[in-house]
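Chemist: Just the structure for this:
(4 chains)
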Amino acid sequence: MSGLTKSPWIIHYDASSCNGCDIEVLACLTPLYDVERFGILNTGNPKHADIFVVTGSVNEQNRQVIKNIYDQMPKPNVVIGVGICACSGGVFKECYNVAGGVGQVIPVDVYVPGCSVRPEQIIDGVVKALGILEEKRAAFAAESKKGTDTGANADAKKDGGN
Amino acid sequence: MHKEEQTITEVGVDNLVSEVSKMYDEGYRLVQIGCGKYDDIFEINYSFDKDCKFVNLRLKITEGVVVPSITGVYLCAFIYENEIHDLFGVSIKDIAIDFKGNLIRTSVKNPFNTPTVTKVKAAKPAKSENAAAAGAKPDVKSDAKPDTKPDAEKKKEEA
Amino acid sequence: MAGRIVVPFGPQHPVLPEPIHLDLVLEDERVVEAIPSIGYVHRGLEKLVEKRDFKDFVYIAERICGICSFTHSVGYCKAIEAIMDLQVPERAQYLRTIWSEYSRLHSHLLWLGLYADAMGFENLFMNAWRIRETILDAMEETTGGRVIQGVCKVGGVRRDISDAKLKEMTAKLDSIGGEIEDLCHVFFDDASVKHRSVGVGMLSKEDAHKLGAVGPVAKGSGIALDLRQTGYSAYGSLDFKPIVETGCDCYSRCIVRAKELAQSVDLIKQAAANIPAGDIEVKVKGNPDGEYFSRVEQPRGECIHYVKANGSKNILRERVRTPSSANIPPLVKMLEGCQMADVPVIVLSIDPCIGCAER
Amino acid sequence: MGLFSMTKTVLKSLFKKPATIRYPAEPAKRFEGTRGQMEIDIDKCIFCGLCSKHCPADAITVNKNERTWSINRLWCICCNSCAENCNKDAIYQTNVYHAPIVAGETDVDVYQGKPVEEKPAAAEEKAA
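Modeler: Take a look at the predicted model:
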């Protein structure tokens, strides 16, 4: 965590989880684990967030919601699938209404396995995600420096428009 | 072993509402309405409770029979009736708050009315959508089933 | 003025830990009508009974909800045991009671925290969740899981708690009893809590009865509905009285839950003192054949597990009616006529567990 | 709140240990009975497939011919069902959790059993 210069904010969405992983995500914010020590804040607004934490599997109705939230986030961002359901659908993957893991809708960077996950695992996952975020940021910065009319700018405009 | 006494009385479509009104007048509380499909018969259980005494009315219908709504007696029945309509495809008329099949939107229509819903694991519909974007996505990897296509994916990874 | 507008609320909303969508019809700042739409969490797990045999379904039953997971597994196992006429050993019944009460403690503390958070009382939220961690530690130490325990099985329980450990647990409860009292004291007496919740989200006794409210929502409206009185598990031999408040508002529901904390601590102590020695499980032979409505009192209220089986290893139909789905009609009623700013508090006052409600 | 009780709370908070575990600088809390990831003693395994049959998440694949036992870490729910159903006590549960998996990393752990030794042994017996 020492190399961390920025405070990443996370947004959490419960796709169709059983609440087990949700409350563990919340438990990370509370005194015992307190991720605010790292400057990590749970925000309700996708436009402020760097890390998208998804719990639960994808179904027909929330597919669009997840996509919407993801599209609204500013672009160098990372997605963490927390819990077995977000990774693969878990015990429910054979249910008629479950399409599978979050990877079905948006690209996921880090998978945190566990049913339900422990707060420590979530912290580990976030730490891993931060590394990826830094890489992505560096790549993004390099790209916007060299390109005049690159896709990155267009992307940024699109995000603002949302 | 604690086992509650649970009575089940059969009712017909015609006297359902009147029987339910009788329960209401006696001061019973509607606990739940649950449906099940066994062969071709839909079995709808109306459960009531009063001071921990548990009583059921059971309605047996076949496909296509229209069931009268009991939301006129117990308003809270709307949530169960909409659910039964969505999941089983039983038509229920005159629901006070009718979602018209939009309470629970499922990917399969009336999932409980079809014989065993087999979701084919190997062919998830949205898989190809952004497979390129996510690269090798662990949840899609079918390594657990060695006969499907891990070879192709491994080759992709190597390349 | 008085033009009507419709404000969509949810599914992703800062105060909502779970997705529920409400269309709020507003007249100025007043809610005229609220139309819930659910289905964001629907998985259709009841259908899985066709794939899993009846013993393995316990794992799925307890994943209906991560908060009431233990009570869900008790409800399911109780249904199978009633159908098969299994004599579950007394010790297992007591252990189930102890863990059920622990999960009630954990759930109520979680809720009190979230409720405080919805009111903007961040400090109280943190305090409630700090105490909750000690409950979760006891859970994890004895069952192996923090929120999903996986100890209940058809015919008994998987793990035993040694007598020494039980003593230790009771001692621990004594020490956090004071902290719980301090916490409840804030909910009982604090002016800002009262200001946000007294007289908000009214649900009269008649409405609660008519709309089928269960759990703390019913208890907060003066209905003494507590299924633990039917005496399942070991509740028949423990001494307790359902807690009833007559305020009919969010404050009463809050008080009911706060008082149930003390009650749960007391029940755990009673159970730990009276627990008999013996086996913790019976062998399960054959397959279930029959039907049964199993009713258990969850932290959120009455939960029904209806199981119908025909003697094969896969049961025919499992239907779960969870307390949260029963509490949605009362919620719609409560929201009528409230202020827009009170909506989060009222929605939280039924302790919505959408994962449960939609399965 | 009266001044006295407030002072009491302040003093208590001053001298109390902080509630926070400084994870990851400090090791995580672990209990002996915690349900962590599943491990297998592959030498004990007879590849009967009972574990995979009873797995609620279908995470386990047993291949009798190739003598492999593989578990998908992104599917496993750590429920201990496989260990309970194992007649040879080959599978056991640890209290350590699996680390997060970065997309693209392998998520399936394959355990290769020793090749069958019974046949040569039987042949020797016959020869003797």
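
Chemist: Only C-alpha atoms from now on, for both contacts and neighbour counts.
Modeler: Will do.

Chemist: How many residues are close by the closest residue to chain C within chain D?
Modeler: Closest contact between chain D and chain C, by Cα to the nearest Cα, is at residue D:34 (3.9 Å). Residues lying near residue D:34 (other Cα atoms under 10 Å in any protein chain shown) number 21.

Chemist: so what's it closest to, chain neighbours aside?
Modeler: Counting by Cα to Cα, 6 or more residues apart in numbering or on different chains, residue C:144 is the residue found nearest to residue D:34 once chain neighbours are left out, at 3.9 Å.

Chemist: Is it correct that that neighbour is in contact with residue D:33?
Modeler: Yes. With contact defined as Cα atoms under 8 Å, residue C:144 reaches residue D:33; the gap is 5.0 Å.

Chemist: Identify the residues contacting the longest helix along chain B?
Modeler: When chain B is parsed with DSSP state H, its longest helix is helix B:77-88. With contact meaning Cα atoms under 8 Å, 6 or more residues apart in numbering or on different chains, helix B:77-88 is reached by B:30, B:32-35, B:69-71, B:90-92, B:95-105, B:109-113, C:325, C:329.

Chemist: Is it correct that residue C:351 is in contact with residue C:325?
Modeler: No. With contact defined as Cα under 8 Å, residue C:351 does not count as touching residue C:325 (10.9 Å).

Chemist: Number of residues surrounding the closest residue to chain B within chain D?
Modeler: Using Cα to the nearest Cα, the single residue of chain D nearest to chain B is residue D:104, 5.0 Å away. When neighbours are defined as other Cα under 10 Å, residue D:104 has 18 of them.

Chemist: The one 3 residues further on now?
Modeler: By the criterion of other Cα under 10 Å, residue D:107 has 23 neighbours.

Chemist: nearest spatial neighbour of it, skipping sequence neighbours?
Modeler: residue D:73 (5.4 Å).

Chemist: So that neighbour sits against residue D:106, correct?
Modeler: No. The criterion here is Cα under 8 Å, and residue D:73 misses it with residue D:106 at 9.1 Å.

Chemist: which of those two has more neighbours?
Modeler: Per other Cα under 10 Å, whichever of residue D:73 and residue D:106 has more neighbours is residue D:73, with 27 against 16.

Chemist: dump the residue contacts of that one.
Modeler: Residue D:73 touches A:113, D:59, D:98, D:107-109, counting by Cα under 8 Å, 6+ apart.

Chemist: For the residues you listed, pick the one with the most neighbours.
Modeler: That'd be residue A:113 among those, by other Cα under 10 Å, with 33 neighbours.

Chemist: Report pLDDT for that residue.
Modeler: pLDDT, residue A:113: 86.

Chemist: how much space between it and residue D:93?
Modeler: Using Cα to Cα, to the nearest Å, residue A:113 is found at 15 Å from residue D:93.

Chemist: Counting neighbours, what do you get for residue 26?
Modeler: Defaulting to chain A. Neighbours of residue A:26 (other Cα under 10 Å): 19.

Chemist: The chain in question should be chain D.
Modeler: 8.

Chemist: And for residue D:38?
Modeler: Residue D:38: 22 surrounding residues under other Cα under 10 Å.

Chemist: What residues does chain D have near chain A?
Modeler: D:19-24, D:28, D:56-58, D:73-78, D:97-103 (Cα under 8 Å from any Cα of the partner chain).

Chemist: Just the ones of the residues you listed in strands?
Modeler: D:101-102 (DSSP state E).

Chemist: just the buried members of the residues of chain D next to chain A?
Modeler: D:21, D:23, D:56-58, D:73-78, D:97-103 (16 or more other Cα atoms under 10 Å in any protein chain shown).

Chemist: quick one, helices of chain C?
Modeler: Under DSSP H, chain C gives helices at C:57-61, C:69-84, C:90-119, C:122-143, C:163-189, C:191-197, C:205-210, C:215-220, C:250-274, C:323-326, C:328-335, C:343-349, C:354-358.

Chemist: swap that for chain B, please
Modeler: Under DSSP H, chain B gives helices at B:16-25, B:77-88, B:131-134, B:150-158.

Chemist: what's the answer for chain A, then?
Modeler: A:20-29, A:63-72, A:84-88, A:119-146, A:151-161.

Chemist: Let's have these in JSON lines, adding mean pLDDT.
Modeler: Shown next, in JSON lines, are those (pLDDT from 0 to 100):
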{"stretch": "helix A:20-29", "mean pLDDT": "82"}
{"stretch": "helix A:63-72", "mean pLDDT": "85"}
{"stretch": "helix A:84-88", "mean pLDDT": "83"}
{"stretch": "helix A:119-146", "mean pLDDT": "83"}
{"stretch": "helix A:151-161", "mean pLDDT": "45"}
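
Chemist: who's in contact with residue B:112?
Modeler: B:37, B:87-88, C:47.

Chemist: Tell me the one among the residues you listed nearest to chain A.
Modeler: For these, the nearest to chain A is residue C:47 (7.0 Å; Cα to the nearest Cα).

Chemist: how deep is that closest one tucked in, by neighbour count?
Modeler: Residue C:47: 20 neighbours (other Cα under 10 Å).
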